[in-house]
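Q: Provided below for reference: sequence and predicted model.
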Amino acid sequence: MEKSMKPKQTSVQRLCCSVQNYDWGKIGPDSEVARLYASNSGSEIDPEKPYAEFWMGTHDSGPSFLIQKDLNGMSMSLKEWISTNSNELLGHKVVQKWGSDLPFLFKVLSVRKALSIQAHPDKDLAKLLHKFMPSAYKDDNHKPEMALAITHFQALCGFVTLEELKGVLDNVPEIVQVVGSEVANQVFDTTNEDGEDKVKSVLRLIFTQLMSATKEIVTTATTKLKNRLHMENQVRQLTEKEQLVLELERQYHDDVGVISAFFLNYVKLTPGEALYLGANEPHAYMFGDCVECMATSDNVVRAGLTPKHRDVKTLCSMLTYKQGCPEILKGVALNSYVTRYLPPFDEFEVDRCHLPQGESVEFPAVQGPSIFVVTFGEGIIYTSDFTGDINITQGEVLFVPAGTEIGITSASELHIYRAGVNSMFFQLP
């Protein structure tokens with residue numbers, strides 16, 4: 001593309017995207033994010049620096065820019081470009097629902113150590129938090145999200161069942177020491193026959209008691225827990241959850257999040273499996289690389305496994321306290337090479353395309369915008385908007401306007417992910 005041209009009003013655009021160097025990211029060339037960002041931006045990888053998140057979208061904390069310059073040789077942000085012609089670029093129905101901005105934020109994550117135990121507020125709570133604490137909560141939007149594993153990926157997500165929690169209290173005496181026997185006995189005395197509201201009430205009580213414990217009590221408990229598990233490891237095989245807890249203790253000494261891991265489901269995704277997270281659900285990513293998509297927001301309420309701002313009171317009051325393992329999405333095959341992942345949220349869906357060398361695939365035109373990212377290999381993209389053929393390699397990111405058909409031919413094995421507005425949204429009356 002010629003640099004001097006003004007970007008076409010409705011053409012496919014190559015994007016230069018942002019990186020976040022959060023402490024939990026994989027280091028240097030070990031990071032998928034580092035490799036993508038270096039290829040995308042033409043920069044060198046710092047072998048000592050963590051590369052945590054690669055952002056593709058319009059959020060102000062990590063905006064994308066058009067690679068093609070305007071007439072003055074200036075870079076235009078994707079957000080600015082969309083705002084000049086939103087109906088054509090986003091599609092009328094998307095603009096009608098969400099206004100003249102991209103409704104989703106697309107990311108790649110490379111996780112070396114655990115992220116914070118966190119939840120994302122629903123729309124009503126997001127507006128309140130943004131109004132009263134704008135420095136901590138920068139957006140007034142909710143943040144449902146989905147993680148699709150690129151590598152084997154580990155996470156804590158949602159609360160274990162009541163029966164599993166009783167087993168935890170039987171086998172982890174340090175928790176009872178923190179919350180007190182009276183609270184623990186309320187859990188033991190509760191059954192599912194008491195009804196969902198009663199079970200949730202008791203779970204809220206014990207979890208809030210744990211997360212609100214003083215630093216001194218938590219330090220004593222985590223030290224006892226660590227010492228006991230190391231001793232027991234001499235005579236028995238520790239469970240996966242116990243091994244995880246020891247790893248978390250190494251990462252975050254004397255943190256209440258270490259103990260609270262026992263309350264949450266330990267989920268392991270294989271490449272191609274996805275996990276979606278609604279508002280007000282507790283979770284923490286543990287390790288691995290994933291593609292992540294969410295509503296355009298960066299609101300996070302944290303309460304453990306973090307040096308950042310904690311808001312224990314808000315987190316404990318906002319959670320749904322649903323119990324049981326989360327649903328794992330395997331995706332639906334659209335053809336031999338493309339699998340689609342449809343979470344129960346209007347804002348987004350994700351397609352996973354693994355194309356063998358020398359093969360071709362088509363992405364039909366859709367009523368909303370799409371973002372494509374190449375994570376492996378090289379090939380050529382053909383478009384229906386007369387942009388011309390676009391050579392693509394690892395790190396390439398493309399914005400595709402509504403109503404644009406895309407064809408892809410691989411020059412090698414090629415891995416591409418696409419984010420777009422949930423196709424079920426366009427079927428609504």
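A: Perfect, thanks for sending it.
Q: The stretch 201-350 of the chain: helices as residue ranges?
A: Applying DSSP state H, counting those that start in this stretch to the stretch 201-350 of the chain gives helices spanning 215-232, 240-251, 256-260, 312-318.
Q: Please identify which of those helices is closest to Thr404.
A: Each of the helices of the stretch 201-350 of the chain has some distance to Thr404 by C-beta to C-beta; the shortest is helix 312-318, at 39.3 Å. For the C-beta atoms, the positions are set from N, CA and C on the backbone; glycine is no exception.
Q: And for Asn85, the neighbour number?
A: Residues near Asn85, counting by other C-beta atoms under 10 Å, number 14.
Q: With Phe106 instead?
A: Residues lying near Phe106 (other C-beta under 10 Å) number 27.
Q: For the closest residue to His253 other than its chain neighbours, give me its contacts.
A: Of all residues beyond its chain neighbours, the one nearest His253 is Thr222 (7.5 Å), with distances taken as C-beta to C-beta, 6 or more residues apart in numbering. Counting by C-beta atoms under 8 Å, 6 or more residues apart in numbering, Thr222 touches Glu174, Glu249, His253, Asp254, Asp255, Val258, Ile259.
Q: Dump stretch 307-322 to PDB, keeping only the CA atoms.
A: C-alpha atoms of stretch 307-322 as PDB (Å, rounded to 0.1, in the frame of the first residue of the first chain):
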ATOM      1  CA  PRO A 307       0.200  -6.300  44.100                       C
ATOM      2  CA  LYS A 308      -2.400  -4.000  42.400                       C
ATOM      3  CA  HIS A 309      -5.400  -2.200  44.000                       C
ATOM      4  CA  ARG A 310      -7.700  -4.600  45.800                       C
ATOM      5  CA  ASP A 311     -11.300  -4.100  46.300                       C
ATOM      6  CA  VAL A 312     -12.300  -7.000  48.500                       C
ATOM      7  CA  LYS A 313     -15.700  -5.500  49.600                       C
ATOM      8  CA  THR A 314     -16.800  -4.900  46.100                       C
ATOM      9  CA  LEU A 315     -15.700  -8.200  44.800                       C
ATOM     10  CA  CYS A 316     -17.300 -10.300  47.600                       C
ATOM     11  CA  SER A 317     -20.600  -8.300  47.200                       C
ATOM     12  CA  MET A 318     -20.800  -8.500  43.400                       C
ATOM     13  CA  LEU A 319     -20.200 -12.200  42.800                       C
ATOM     14  CA  THR A 320     -23.100 -14.500  41.700                       C
ATOM     15  CA  TYR A 321     -21.900 -17.400  43.800                       C
ATOM     16  CA  LYS A 322     -22.900 -19.900  41.200                       C
END
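Q: And Asn72, how far from Ala213?
A: Counting by C-beta to C-beta, to the nearest Å, the gap from Asn72 to Ala213 is 58 Å.
Q: right, I mislabeled it, should have said Ala38
A: Distance from Ala38 to Ala213, by C-beta to C-beta: 43 Å.
Q: if we can go back for a sec, which of the contacts of Thr222 ranks first by neighbour count?
A: Val258 (28 neighbours).
Q: Once you drop chain neighbours, what's closest to the residue sitting nearest the centre point of the chain?
A: Residue closest to the mean C-alpha point of the chain, counted by C-alpha atoms, centre = their mean, is Glu292 at 4.2 Å. In this structure, Glu292 finds its nearest non-sequential neighbour in Lys107, 4.4 Å apart by C-beta to C-beta, 6+ apart.
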